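>>> Need coordinates for the below:
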Amino acid sequence: MSIAIIKYNAGNIQSVLYALQRLGAEAMVTDDHDLIRGASRVIFPGVGNAAAAMASLKEGKLDKLIKTLTQPVLGICVGLQLLCNHSEENDTRGLGIFDLSVKKFISQNNDKVPQVGWNTIENYSSPILKDVIPGAYVYYVHSYYAELGKETAATTHYMFPYTAVAQKNNFYGVQFHAEKSAAVGEKILFNFLNID
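Reported below is the predicted structural model:
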């Protein structure tokens, strides 16, 4: 199996590589269109600012490439957000794979923004969550969230419910950092690598 991690100056790439290595999987970090198109799995990580990340994607024409991919693709954190229609972060237009909008958390009742730490995922309906126990804990670091919608495949509650996992066709996205989510995150990555 060939795994491509998209290189675009906005990824949490080293942690993702380590997580894959723990599963016995090797991956290439690349912005080469042919290598990405030819990979059997594509991982689209992201940390930081959505607008800067999108600008970096556009510079390498990776925004157009991602939309054409037919193999399983996994967006992580900002990777998920960029697969959505729009982000309030610097009024950023996304790739429009998921028909979801990304909003900024507004603190309520002294809730901290960003959300940092462990939280549960609920309401599963995705093959990447196969055999993950209900209420499993995963690790979050984010100030923006994807609203609920028809492509929401799992939820998390922080102030209110939002999309923890999204899925449409061959595209999957997780708001949490699967690569930092211990055994649960490893199981999710394992499931992604083993989708039929």
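
>>> Now the most far-flung residue of the chain relative to its centre. Nearest residue, chain neighbours left out?
Distance from the C-alpha centroid of the chain peaks at residue 109, with 28.0 Å (C-alpha atoms, centre = their mean). Excluding the flanking residues, the one nearest residue 109 by C-beta to C-beta, 6 or more residues apart in numbering is residue 159, at 8.0 Å. (C-beta placed from N, C-alpha, C; glycine too.)

>>> Counting residues, name the longest helix you see in the protein.
When the chain is scanned for its longest helix (criterion: DSSP state H), the result is helix 182-193.

>>> tell me, which strand in the chain spans the most residues?
The longest strand of the chain (DSSP state E) is strand 160-168.

>>> C-terminal to it, what's the next element?
Remark: after strand 160-168, the chain's next helix or strand is strand 171-174, criterion DSSP states H and E.

>>> Let's see that next one as PDB, backbone CA atoms only.
Output in PDB follows, covering the C-alpha atoms of strand 171-174 (Å, rounded to 0.1, in the frame of the first residue of the first chain):
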ATOM      1  CA  PHE A 171     -13.500  11.700   1.700                       C
ATOM      2  CA  TYR A 172     -13.100  11.500   5.500                       C
ATOM      3  CA  GLY A 173     -12.300  14.200   7.900                       C
ATOM      4  CA  VAL A 174     -11.600  14.300  11.700                       C
END
